[in-house]
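Participant: Here is the input, now give the coordinates:
(chains A and B)
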Amino acid sequence: MSDASINASTSRIANRQDEAGFGDYFALLKPRVMSLVVFTALVGLLAAPIPVHPFIAFCAILFIAIGGGASGALNMWWDADIDRVMKRTKKRPIPAGKVEPGEALALGLALSGMSVMMLALATNVYAGAFLAFTIFFYVVVYTMWLKRTTPQNIVIGGAAGAFPPVIGWIAATGDMSVEPWLMFALTFMWTPPHFWALALFMRSDYDDAGVPMLTVTHGRRATRVHILVYTILLALLALGTAFSDIGGPVYLTVALLLNALFLMGSVRIWRRDENDSEVDNFRVERSFFKLSLLYLFLHFGAILVEALLKPYGLGGW
Amino acid sequence: MSLRPTHELHHRRFGRNLGVALTLAGFIVIIFGLTVVKVTRGDFEPPRGNVEAQN
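Facilitator: Numbers count the residues shown, from 1 in each chain, chains lettered A, B, ... in the order given. Next up is the predicted model:
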């Protein structure tokens, strides 16, 4: 047996071990991001004033989630080069060598088309069109165009992640009003402090990948200031939402508590310098990031509670 | 005569094939469910005024 044939045989065995399973294709859809999409879209759909048949509601959320997943697969296809460099992303299916980039592209395109068409058929054409626009915005505007060219990439990318409650609302009503845009604004304003806190303690990742994160282009001091400013604006918006049609006493209580904690966290980040952070391994930044996850979940949870209480005459003002 | 053993590929890709099969079966259930809901709600019925006008 020649060396070449031994090598070829070994390589085949190695390839078999690396062969993608169903879970690897599912991982292309970014299940953790999908869970946020599912939850916020569900809140948008249930907070809408028009009730939806439970099965239609289930289908609407499913297709919105699949659309979100499809854009995740297209994002992984385009960003495979930088995913290979970053610690946080190098175990994703494409950089890990489990899935070919072309497979991710095909899966992303197929699921995009299917989810848009099915959402339009299950609910209404506006919801389908809005889902199509969201996928386009995330993949083309954010991933292909702005992510690698501007330090405000997170701000713009946040818009794509903020659309699901609007799509949920349109799926229920077939119409547009102010309330879904308040939910949009809440996620939109929440995204920058959430990601910039992550960028502060995952610092070498974005440097290595050459992504123009605010921490890289404007420095870490400027990032801390930006987190504070966005958190103040977010708090004003979140508290203002309490007095809209989707707010109420439950939401106001939750918003007061969480925004006080979030503001305190951002002030602590702003007052620190790099030496303080190095000493305790970014403890404050890490806890702010964890709080930010709870922050969004509980705000949308409170909107959901208000909506579910309304039929009993309890929700809202 | 004994049955021919299944190719190794079938064992190796069982998980993937099962996943695809379940996804397709789920998709069929969803299409069927949507059809039932929309037909029973009368989503596909023409507006009553138009029907009367045609008669």
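
Participant: Helix or strand: which one has A:Leu236?
Facilitator: Using DSSP states H and E, A:Leu236 sits in helix A:220-241.

Participant: how about low-confidence regions in chain A?
Facilitator: A:1-17 (pLDDT under 70).

Participant: domain assignment for it?
Facilitator: Segmentation of chain A into domains, based on automatic domain parsing, reads A:22-176, A:178-317.

Participant: Buried deepest among the ones you listed, which one?
Facilitator: domain A:22-176 (a mean of 20; mean count of other C-beta atoms under 10 Å in any protein chain shown). C-beta coordinates here come from the backbone N, C-alpha and C atoms, glycine included.

Participant: Contact partners for A:Phe163?
Facilitator: A:130, A:133-134, A:137, A:184 (C-beta atoms under 8 Å, 6 or more residues apart in numbering or on different chains).

Participant: now do 7 Å
Facilitator: Counting by C-beta atoms under 7 Å, 6 or more residues apart in numbering or on different chains, A:Phe163 makes contact with A:130, A:134, A:184.

Participant: show me what contacts the closest residue to A:Val267 other than its chain neighbours?
Facilitator: Distances taken as C-beta to C-beta, 6 or more residues apart in numbering or on different chains put A:Leu228 closest to A:Val267, at 6.6 Å, once the chain neighbours are dropped. Counting by C-beta under 7 Å, 6+ apart, A:Leu228 makes contact with A:266-267, A:270.

Participant: Just give the nearest non-adjacent residue to the residue of chain A found nearest chain B, would you?
Facilitator: Nearest residue of chain A to chain B: A:Phe22, at 3.0 Å (C-beta to the nearest C-beta). Leaving out its chain neighbours, the residue that sits closest to A:Phe22 by C-beta to C-beta, 6+ apart is B:Gly19, at 3.0 Å.

Participant: So that neighbour, which state does it fall into?
Facilitator: helix (DSSP: H, G, I helix; E, B strand; the rest coil).

Participant: So which bits of the stretch 1-150 of chain A are right by chain B?
Facilitator: A:16, A:19, A:21-22, A:53, A:55-56, A:59, A:122 (C-beta under 7 Å from any C-beta of the partner chain).

Participant: Dump the residues you listed to JSON lines, plus secondary structure and distance to A:Pro311.
Facilitator: Output for those, formatted as JSON lines (DSSP: H, G, I helix; E, B strand; the rest coil; distance: C-beta to C-beta, whole Å):
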{"residue": "A:Arg16", "secondary structure": "helix", "distance to A:Pro311": "56"}
{"residue": "A:Glu19", "secondary structure": "coil", "distance to A:Pro311": "51"}
{"residue": "A:Gly21", "secondary structure": "coil", "distance to A:Pro311": "44"}
{"residue": "A:Phe22", "secondary structure": "helix", "distance to A:Pro311": "40"}
{"residue": "A:His53", "secondary structure": "coil", "distance to A:Pro311": "16"}
{"residue": "A:Phe55", "secondary structure": "helix", "distance to A:Pro311": "19"}
{"residue": "A:Ile56", "secondary structure": "helix", "distance to A:Pro311": "18"}
{"residue": "A:Cys59", "secondary structure": "helix", "distance to A:Pro311": "22"}
{"residue": "A:Ala122", "secondary structure": "helix", "distance to A:Pro311": "24"}
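
Participant: Can I get those in TSV including distance to A:Ala242?
Facilitator: Formatted as TSV, the residues of the stretch 1-150 of chain A next to chain B follow (distance: C-beta to C-beta, whole Å):
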residue	distance to A:Ala242
A:Arg16	57
A:Glu19	52
A:Gly21	46
A:Phe22	43
A:His53	30
A:Phe55	32
A:Ile56	30
A:Cys59	31
A:Ala122	32
